[in-house]
Each structure stands twice: as C-alpha cells, then as structure tokens.
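Colleague: Sequence first, predicted coordinates after that:
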Amino acid sequence: MKYNWQQKDWSHFQYETEDVEDLLYDFAKRTGRISGVLDGFSESEQTEAMINLMVSEAIKTSEIEGEYLSRKDVMSSIRRNFGLNPELPASKDKRVEGITDLMLAIRKHFTTPLTEKMLFDWHTMLMKGSKGIEIGQWRSHEEPKQIVSGAIGREIVHFQAPPSNTVPSEMNGYITWFNQSRDLIHKPIIRSAIAHLYFESIHPFEDGNGRIGRAIAEKALSQSIDRPVLFSLSKSIESNKNNYYTALKAAQRSNEITEWIKYFVETVLDAQIDAEKEIEFTLKKTKFFDQHKNELNERQQKVVRRMLEEGYQGFEGGMNARKYISITSTSKATATRDLQELVQKGIFESIGGGRSARYNLLV
C-alpha cells in the first residue's frame, strides 16, 4: 500500500465531521468557561496555572519520545525564564533548557505566521546538546527516513517519509497551507489535527519531528482561539500513546482522514478536561496557603509545595518519613514529629501505621 504522500490526492485531505460536531461544540463551550474562570484569577494565579500546564507539556512531549526529564528542573527553568525566580540556576540538562525555550517561544509568538526560520529556530532550541545530527535545517541524508520498531534484523516499518531531496518543496507547500488555513478552516481542532498529521507525514527533520509537530498543533489551536492554549496536548497523548501511534499510522495510508480527526478531537477534549481540573486545583492551592501559611514551619512548607507540584492527581504513593527526610534533609525524629503535627492540624491524613504509614494532603 502506498503512503499518503505517494498518492495522487496528497495534501488534499478529505474528512467528515458529523460524528464529532457535539465534541467540537463542547470544546468551544469549555474554552469559554476556562477563560471565564481565569478572568477571576489574580495575575499571579493565572501565571501559576500557565506554568503548571507548561511543565506538564514539556515533560510529556519528551516522554512520548522516550526522554524523561526532571520535573524540578523543568519547573525551575520555566520559572526562571518567566522572570519569577531569576536566581535559580540553569539546568545542567540541555534537553530541559531546550524544551522550555520551545514552550515559551510557542506561547510568546503564537500569532506570528509560521516560517521556515521559525521552524529552524525551534529545532535548534529543541536539539540543544545533541550531537551527530543535522540541527536547524531540513534532513538531507540520502537513505530513506523510516519510522521503525522491533529488534535489529526484525524491524517493522510503520512509515516511510518523502525523500530528503523533496523536503524543501514539501515544507514550502506546508508552510503556505498552514498560514492560509487560518482563514479557511474555522474549527480550531480540525485545523490543528491536519497541521499535525501533515507535518508528521513530511517528517522534515532528522530528529525531533514529534515534539515540533505537537508544538505546531498547539500553535494552530492558539491562533484559532486567539490566545495560548491552556492545556497539555502531550499529556493527553502520552496517557495512551499506543492509540496515538495507531491513529497516526492509519492516517498516513490515506488522505481520507475522518478517523484521525475523530481521534484528535477526542484527545484535545480529554486534554481540556484535564486542564480544567488543574486550573481548579490552582485555585484550591492558593486558598490552602492563605489558610495554612502561618501554621507551617519551613520544612513543612517545602514538603507541601513539593506535593502540590504534582497537581490534582496527587503525590504518587503519598508522603512518608523516608520521602520527607529526602526532601528536607532532616532527621528521622524531626520528620516524624513534623508529619504528626501536620495530621493534628488537619493538613495531612494518615493512612496505615508503623513503618508503612503514609500521608495524603487534604486540599
């Protein structure tokens, strides 16, 4: 079977939206509701909500590609670049600096038309510290660009991209389509879905195509709703990335992409619902500290803040004495006393007893 780019109707994508009209309406309604909630936030609360969602996006877009970044480093990098904590040191992990630079660039310049230079700049940011690959330019190697899995000698080819010598012309067409489609496709998720699929099918870079393709999808959505999106698309994709790869693989075998549109719309809506919970949690966090800030010593504040960083889904496994000691560098006796105080004050709830005791935060 031929791939989509090998077919006569390549880049003339056909699709039906009948089955997703209700979801598209739900997206529009939720977008309005989120804007309304944020309007009621203070500037610092809005910034905090934005940062938490950016951290999720930076971490999850990397995890999809098998790269696991330190949440603490990503958070510090974003806060430093926002100018909130300029005293924080730069991460020694170049991947962290690269992905956070990209996250900020997407949001800062979302209204700007897409250009070749912009994509090269994004790639240069993303590939900080990478060696042995072409950076900030289209791929140029003569061998086929294939997406494969499986052991050496038994590889399964999932997709083969257009030859490198056709990439400049393919990307000229893509960039023109992206900028013109802003006025032609009035349903935000539809344009974003096509923008991502179209880019991934060209696969113009030697590495980093998935992360940049998701950044482009976010740019398309931001342009369509006229503000930076407030959810993590990659978090929703990563939660079941097998579905993502299956949907993408199927879509790259035909230019009739109704099933891909359906998958993408559902994924964006999942991301939006998740973001609503994160935004609500941001407000709860603010109220929590207003209520308890004078009851916590420095160690307790550090632990509580670390737990709250994990968002509405909670701190995995709960807190225990061993984790408390690791976070605060204190003694076991002090950790035990601090934890008991937090329970007595109604800030923690205790689960289990003895050495297996753990604690959840009551937010």
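Modeller: Sure thing, it's come through.

Colleague: Where does the nearest residue to residue 195 once chain neighbours are set aside sit, in terms of helix or strand?
Modeller: Leaving aside its chain neighbours, residue 195 sits nearest to residue 220 (4.4 Å; criterion: Cβ to Cβ, 6 or more residues apart in numbering). C-beta here means a position set from N, CA and C on the backbone, and glycine is covered the same way. With secondary structure defined by DSSP states H and E, residue 220 is part of helix 209-225.

Colleague: swap in residue 231?
Modeller: Using DSSP H and E, no helix or strand contains residue 231.

Colleague: how about stretch 25-32: buried residues?
Modeller: 27, 30-31 (16 or more other Cβ atoms under 10 Å).

Colleague: residue contacts, the residue nearest to the spatial centre of the chain?
Modeller: Geometric centre of the chain, nearest residue: residue 57, 2.0 Å, by Cα atoms, centre = their mean. For residue 57, the contacting residues are 103, 218, 232-235, by Cβ atoms under 8 Å, 6 or more residues apart in numbering.

Colleague: Considering those, which possesses the most neighbours?
Modeller: Ranked by the number of neighbours (other Cβ atoms under 10 Å), those place residue 234 first, at 28 neighbours.

Colleague: any idea of the pLDDT on it?
Modeller: At residue 234, the pLDDT value in this model is 95.

Colleague: That one and residue 61 touch, don't they?
Modeller: Yes. Using Cβ atoms under 8 Å, residue 234 makes contact with residue 61 at a distance of 3.8 Å.

Colleague: Give me the common contacts of these two.
Modeller: residue 214.

Colleague: tell me how far stretch 347-363 is from the chain's mean position?
Modeller: 31 Å (Cα atoms, centre = their mean, to the nearest Å).

Colleague: List of residues touching that stretch?
Modeller: Contacts for stretch 347-363 (Cβ under 8 Å, 6+ apart): 281, 284-285, 288, 292, 295-296, 304, 307-308, 314-315, 317-321, 339, 342-343, 346.

Colleague: Pull out the buried members of these.
Modeller: Judged by 16+ other Cβ under 10 Å, buried ones among the contacts of stretch 347-363: 281, 285, 288, 292, 296, 304, 307-308, 315, 318-321, 339, 342.

Colleague: So which of the residues you listed belong to helices?
Modeller: Using DSSP state H, the subset of those located in helices is 281, 285, 288, 292, 304, 307-308, 321, 339, 342.

Colleague: farthest-separated two in these?
Modeller: 281 and 321 (25.8 Å; Cβ to Cβ).

Colleague: What's the local residue count around the nearest residue to residue 124 once chain neighbours are set aside?
Modeller: Residue nearest to residue 124 in three dimensions, not counting chain neighbours: residue 136, with 4.1 Å by Cβ to Cβ, 6+ apart. By the criterion of other Cβ under 10 Å, residue 136 has 15 neighbours.

Colleague: quick one: low-confidence ranges for the stretch 1-150 of the chain?
Modeller: For the stretch 1-150 of the chain, no stretch has pLDDT under 70.

Colleague: Now do the helices in it.
Modeller: In the stretch 1-150 of the chain, the helices defined using DSSP state H, counting those that start in this stretch lie at 21-39, 43-63, 71-81, 94-108, 116-126.

Colleague: And the stretch 151-300 of the chain, by the same measure?
Modeller: Using DSSP H, counting those that start in this stretch, helices in the stretch 151-300 of the chain cover 167-184, 188-202, 209-225, 233-238, 241-251, 258-292, 298-308.
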